[in-house]
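S.K.: what follows is a predicted structure for the sequence shown.
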Amino acid sequence: MTEETNGRGTSIPRGYQQEDTEARKSWVKKYAGVKIDDTLEDKAEDLQGIIENHVGFMKVPMAVVGPMIIDGKYAKGEFCVPVCTLEGTLAMSMNRGIYASALSGGIKVNHFRQELSRAPVFIFDNLKESSEFQIWVTKNEEKIKHVAESTTNHGRVLRIDQYTVQNYVILDLVLDTSNAAGQNMVTLAAKVACEYIQKETNHNYFLESNMNSDKKASVRNMILGRGHGVTAETTIKNSVMKRILKMDPDILFDAWSFFPIVSSMAGTHGNGLHVSNALTAIYLATGQDAACAAENSVAHVGLEKREDSLKFKLTLPSLTVGTVGGGTRLKMQNKNLELLGCSGGKHSSRKLAEIIAGATLSLEISLICAIGSHTWTDAHMKYGRK
């Protein structure tokens, strides 16, 4: 990480004048070797499959934060992270968490799962039919998987999970979608598989049962995930906690226990503070389906006390992101993937997921400490207004 800073805990130039914006672009070019050109514009004929009734473009402000130091399976090194947001203080807060972690050795991340599913439902007149159907599906699972995989060159069916309720049988077709986010991939694979099953068994189906919880938070996605599963952690020294995050680590750790308790009382899925803030900002910048933040914001946050530091831990079990297809082919979004080193490569979507987890943990840390130090409101009043 560069040691030269602007006096505010970051090497990224500050300010709101045009020359400040140009200085930041120059910093990104020098640091990451990528030129940010916000005059790039996609042609109308290139938007098929992305938007209908197109009338123009509405620019969303974009910032960069970092450098973020990551040590993961797929993401290793320093990363300059693009974020698009309309919320003042978000970029500053994420940058503060990134800087604090960098001073303490960086963020360790671990990608542990990639699964996306579509869950059609078959409905039967009686329990005997449903029982016989399940036996048939189990016996013919390999054939069903082969039929489903015929629709994609890159996707792979991992398994077909069966769920029984009343006279319904839900088939959850679970795929590894490679570098694609994969919502359309799993839908087509499931449709073709169901057509084959219907032809062989003469039973009717609906392609979506709502089991896979597309675009909504659920216990299913909290446990099994929808997309990538990633864990991230960073151990921040007590001295950095006090100097950069303005938080006494002992006070934070001793008081932290109320947060998961009250989260459980409120019935939230997980106990994240504002994970959707980080996800939406990075999703917009990198061409993801921003609505997936609904199910992807489920998170598990934890703290551990160390002799001279605090360890912050985050698990994101459900990140529906990709580096090919959809909005990733738009010029600015693809340039941002290039900035992250995720515009190509065998496991670029897994690398992106690890980067997102690191940035999200950084934003969570900053807010935890802002709440704990009673500086949260003051920061928004000072930096979140004109």
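M.R.: Good, I have the coordinates.
S.K.: how many residues are close by the residue nearest to residue 152 when sequence neighbours are not counted?
M.R.: Spatial nearest neighbour of residue 152, excluding adjacent residues (CB to CB, 6 or more residues apart in numbering): residue 185 at 5.4 Å. For glycine as for every other residue, the C-beta is placed from the backbone atoms N, C-alpha and C. By other CB atoms under 10 Å, the residues close to residue 185 number 21.
S.K.: after whichever strand or helix holds residue 185, next one along is what?
M.R.: Assigned by DSSP states H and E, residue 185 belongs to helix 183-201. Next helix or strand after helix 183-201 toward the C-terminus (DSSP H and E): strand 205-206.
S.K.: starting at the chain centroid, how far to the next helix or strand after that next one?
M.R.: Downstream of strand 205-206, the next assigned helix or strand under DSSP H and E is helix 219-223. Helix 219-223 has its C-alpha centroid displaced from the chain centroid by 15 Å (CA atoms, centre = their mean, to the nearest Å).
S.K.: same question, stretch 172-191
M.R.: Stretch 172-191 sits 17 Å away from the centroid of its parent chain (CA atoms, centre = their mean).
S.K.: in its sheet, which strands sit next to the helix or strand in which residue 170 is found, and in what direction?
M.R.: In the assignment (DSSP H and E), residue 170 maps to strand 168-176. Looking at strand 168-176 with DSSP bridges, its partner strands are strand 107-118 (antiparallel), strand 121-123 (antiparallel), strand 156-165 (antiparallel).
S.K.: chain center to that strand: distance?
M.R.: 23 Å.
S.K.: do the same with stretch 51-61
M.R.: Its chain's average C-alpha position is 23 Å from that of stretch 51-61, according to CA atoms, centre = their mean.
S.K.: and if you look at stretch 131-150?
M.R.: A distance of 32 Å separates the centroid of the chain from that of stretch 131-150, by CA atoms, centre = their mean.
S.K.: one more: stretch 335-343?
M.R.: In terms of CA atoms, centre = their mean, the gap separating the centre of stretch 335-343 from the centre of its chain is 15 Å.
S.K.: what residues does that stretch touch?
M.R.: Residues outside stretch 335-343 that contact it (CB atoms under 8 Å, 6 or more residues apart in numbering): 28, 32, 34, 36-37, 40, 62, 64, 79-82, 285-287, 323, 328, 334, 348-349, 351-352, 355.
S.K.: now for the lowest-mean-pLDDT helix or strand in the chain, which elements pack on it?
M.R.: Lowest by mean pLDDT, DSSP states H and E among the helices and strands of the chain is helix 376-383, with a mean of 75. Judged by 3 or more CB pairs under 8 Å, 6 or more residues apart in numbering; DSSP states H and E, helix 376-383 is in contact with helix 90-103, helix 348-372.
S.K.: rebuild those helices as JSON lines, extending it with distance to residue 146.
M.R.: Formatted as JSON lines, the helices and strands packed on helix 376-383 follow (distance: least, CB to CB, whole Å):
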{"stretch": "helix 90-103", "distance to residue 146": "45"}
{"stretch": "helix 348-372", "distance to residue 146": "24"}
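S.K.: with respect to residue 117, which of the ones you listed lies nearest?
M.R.: Of all those, it is helix 348-372 that lies closest to residue 117, at 16.3 Å by CB to CB.
S.K.: tell me the mean pLDDT over the closest one?
M.R.: Taken as a whole, helix 348-372 carries a mean pLDDT of 97.
S.K.: can you point out the buried residues in it?
M.R.: Going by neighbour count (16 or more other CB atoms under 10 Å), the buried part of helix 348-372 is 348-372.
S.K.: same question for stretch 86-95.
M.R.: For stretch 86-95, the buried set under the neighbour-count rule, 16+ other CB under 10 Å, comprises 89-95.
S.K.: and of these, the nearest to residue 256?
M.R.: The nearest member of the buried residues of stretch 86-95 to residue 256, counting by CB to CB, is residue 93 at 18.6 Å.
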